[in-house]
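Enquirer: Model the structure of this input:
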Amino acid sequence: MPIVDLPVYGGSYATKSKLFSSQRWVNMYYSPAQGAALSDGMAVGVEGVSQVATAGDFRYPSRGCLVMDGIPYRVQGGTLQRQNADDTLTNLGVIAGEERVSLATNGTQLMVVNELGNGYIYDKDTSLLTAISSTAFTGDNGKPLSVCYASGYFVCPTDEKKFIGSAIDDGLSWNALDFSRADGDPDKIVSDLSFRGQLYMLGETTTEGFQNVGGADFPWAKNGILINKGLSFRHAVVVTSDAFFWLGAGVGETPAIWFSTGQDAKKVSTDAEDFFIRGELTKEGIENTFAFSYSLDGSYFVGFTFPSKTIVFNITSQRWFERESLIDGLAYRWRANCLCQAYGSIYIGDFKDGRIGKLDDSLFTEYDGLLVSKWIGQPFYNSGKPIFIISVKVTCEAGVGNALSTDPKIRLAFSTDGRTEGYERERSLGKVGEYHRITKWNRCGRFDHIVMLILTMSDKAKRMILKIEADIR
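Expert: Next comes the predicted model:
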């Protein structure tokens, strides 16, 4: 058998049967070729995280963040903070509760709703944080669950299957008569969102649309949209410029990940993600599952963080991958608890210790911790015959050594069952300037039935897999 190209193409696709597919992309994502290139695409290592705020109390996790007028605001523990352009933090006041918060802004006011149903308004013009005391907000129509801003109004769904609205552009002013119901289906409202001028109430099993019809009274009226998929957890929904994505299900269904451009729902998770999601549903903290989005270098990403894992969908390549953090030697879901883009960077708030960091593609650690990138390819099968792998050649970005890692390595291992890995053999990625370094393993061995290649990189150096070839007989 001649030397063959092994496809880099793909993403995380670990199915129920590990022999059928054990593909995993951990801290690497697929970037497809957009013209004539060395291969169909390449595997690119994710960005590291550097700490930017060096003063403050970092004992408490980030509970949510939002950018208002170009400035990031986040709830850290029990405090609302502003992140200034020099990365100093300014405490703005107290936000009660311990769980993730919902935030929205009209450009001048920032509104925060916590898990207790309390609402707060921070006004950037007066620099005051004020608790909303109006009974029209605090209880006349039920407990507020979340908040979004739509067509001049702050809008909050409540636990009485209603949604209430503020006075126009004033989150401190509420009227008990300014409410409506999402009663296209009898399910309870979980959260709300604003998308392309329309308002959506996401229930447990359905999503109902509303539009602003104007008038002096409460302006929201049904627009005829009723999507037969609801939202499973309050914060497991995110809006992008072109669509909104959420974790949810219809009546009698298990949750999956969906997207919509406003009219209907289309499934974006594969059966591998669905299988993983079902396994997470009974885990402690599943109610804190949340969604996020960001864009970088022409790629657009939507992620979902569960109790044990973060899965990310690359909208550009239509492929999934995983983000994972090593903390004290143990693998956790990605440590980012919230993300926001400001000052030309992407900032994160930490779930473990509350540090503020930013994504940095020139850094190959998360703070001072190891960042491990792993690529597990599709199973290789030789019609039931033994497989002899004479050699494996991996074309990587070579000569990536630097002051922190003068001779970075890539490691190759094999798996014959999709569960266990054989011993690793390492090769150099090239010292500084060794751009023609060849990464090759000879005499890789005989395998009886099925074999999968595993490539791992953890040194502090650039990680890009461009092409994989194997001499198989």
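Enquirer: Return the set of buried residues in stretch 100-108.
Expert: For stretch 100-108, a neighbour-count test (16 or more other Cβ atoms under 10 Å) marks Arg100, Val101, Ser102, Leu103, Ala104, Thr105, Asn106, Thr108 as buried. Using the backbone N, CA and C atoms, a C-beta is placed for each residue, glycine as well.
Enquirer: distance of Ser146 from Lys309?
Expert: 24 Å (Cβ to Cβ, to the nearest Å).
Enquirer: okay, these two: which has more neighbours?
Expert: Each of Ser146 and Lys309 has its neighbours counted (other Cβ atoms under 10 Å); Ser146 has more, 24 against 20.
Enquirer: residues touching that one, list them.
Expert: Ser102, Val113, Cys156, Pro157, Ser191, Asp192, Arg234 (Cβ atoms under 8 Å, 6 or more residues apart in numbering).
Enquirer: Which strand residues bridge the fourth one?
Expert: In this entry, Pro157 is beta-bridged to Phe163, by DSSP bridges.
Enquirer: Make residue 1 into 17 and carry on from there
Expert: That works, and once the first residue is 17, the last one we named lands at Pro173.
Enquirer: Can you give me the distance of it to Gln92?
Expert: Distance from Pro173 to Gln92, by Cβ to Cβ: 26 Å.
Enquirer: before we move on, the earlier item: buried only: go through the contacts of Ser162 for me.
Expert: Looks like these have Ser118, Val129, Cys172, Pro173, Ser207, Asp208, Arg250 buried, using 16+ other Cβ under 10 Å.
Enquirer: Now for those: which two are most distant?
Expert: Of all pairs drawn from the buried ones among the contacts of Ser162, the widest gap by Cβ to Cβ lies between Cys172 and Arg250 and measures 12.0 Å.
Enquirer: Quickly find the element holding Phe290.
Expert: Residue 290: Asp, not Phe. helix 287-296 (DSSP states H and E).
Enquirer: in that helix, what counts as buried?
Expert: Applying 16+ other Cβ under 10 Å to helix 287-296 flags Ala288, Glu289, Phe292, Ile293, Glu296 as buried.
Enquirer: which among these gets closest to Asp102?
Expert: So of the buried residues of helix 287-296, ranked by how close each gets to Asp102 (Cβ to Cβ), first place is Glu296, at 39.4 Å.
Enquirer: Surely the closest one touches Thr321?
Expert: No. Taking contacts as Cβ atoms under 8 Å, Glu296 lies outside contact range of Thr321: 10.4 Å.
Enquirer: Give the residues shared as contacts by these two.
Expert: Common neighbours of Glu296 and Thr321 (Cβ under 8 Å, 6+ apart) are Thr305.
Enquirer: Using JSON lines, lay out the buried residues of helix 287-296 together with distance to Glu338 and pLDDT.
Expert: Below are the buried residues of helix 287-296 laid out as JSON lines (distance: Cβ to Cβ, whole Å; pLDDT from 0 to 100):
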{"residue": "Ala288", "distance to Glu338": "11", "pLDDT": "89"}
{"residue": "Glu289", "distance to Glu338": "10", "pLDDT": "93"}
{"residue": "Phe292", "distance to Glu338": "10", "pLDDT": "92"}
{"residue": "Ile293", "distance to Glu338": "13", "pLDDT": "94"}
{"residue": "Glu296", "distance to Glu338": "13", "pLDDT": "94"}
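Enquirer: what would the residues you listed look like in JSON lines with distance to Asp186?
Expert: Formatted as JSON lines, the buried residues of helix 287-296 follow (distance: Cβ to Cβ, whole Å):
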{"residue": "Ala288", "distance to Asp186": "47"}
{"residue": "Glu289", "distance to Asp186": "42"}
{"residue": "Phe292", "distance to Asp186": "44"}
{"residue": "Ile293", "distance to Asp186": "40"}
{"residue": "Glu296", "distance to Asp186": "40"}
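Enquirer: between those residues, which is closest to Gln67?
Expert: Once Cβ to Cβ is applied, the member of the buried residues of helix 287-296 that ends up nearest Gln67 is Glu296, at 29.2 Å.
Enquirer: residue contacts, that closest one?
Expert: So Glu296 contacts Ile302, Thr305, Phe322, Pro323, Ser324, Lys325 (Cβ under 8 Å, 6+ apart).
Enquirer: again, only using 7 Å
Expert: Glu296 makes contact with Ile302, Phe322, Pro323, Ser324, according to Cβ atoms under 7 Å, 6 or more residues apart in numbering.
Enquirer: so of those residues, which ones are in helices?
Expert: Mapping these onto helices (DSSP state H) picks out no residues; all lie outside.
Enquirer: which one of those is nearest Glu382?
Expert: For these, the nearest to Glu382 is Ser324 (17.4 Å; Cβ to Cβ).
Enquirer: just the strands in the stretch 67-216 of the chain please.
Expert: 78-84, 87-92, 95-99, 105-110, 118-121, 125-129, 135-139, 144-147, 164-166, 169-173, 178-183, 186-197, 205-211, 214-219 (DSSP state E, counting those that start in this stretch).
Enquirer: still on that earlier bit, which residues are in contact with both of Cys172 and Arg250?
Expert: In contact with both Cys172 and Arg250: Leu161, Ser162, using Cβ under 7 Å, 6+ apart.
Enquirer: circling back: need the contacts of Ser162 in TSV (columns: distance to Ser182).
Expert: TSV is the format used below for the contacts of Ser162 (distance: Cβ to Cβ, whole Å):
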residue	distance to Ser182
Ser118	14
Val129	12
Cys172	8
Pro173	13
Ser207	17
Asp208	13
Arg250	20
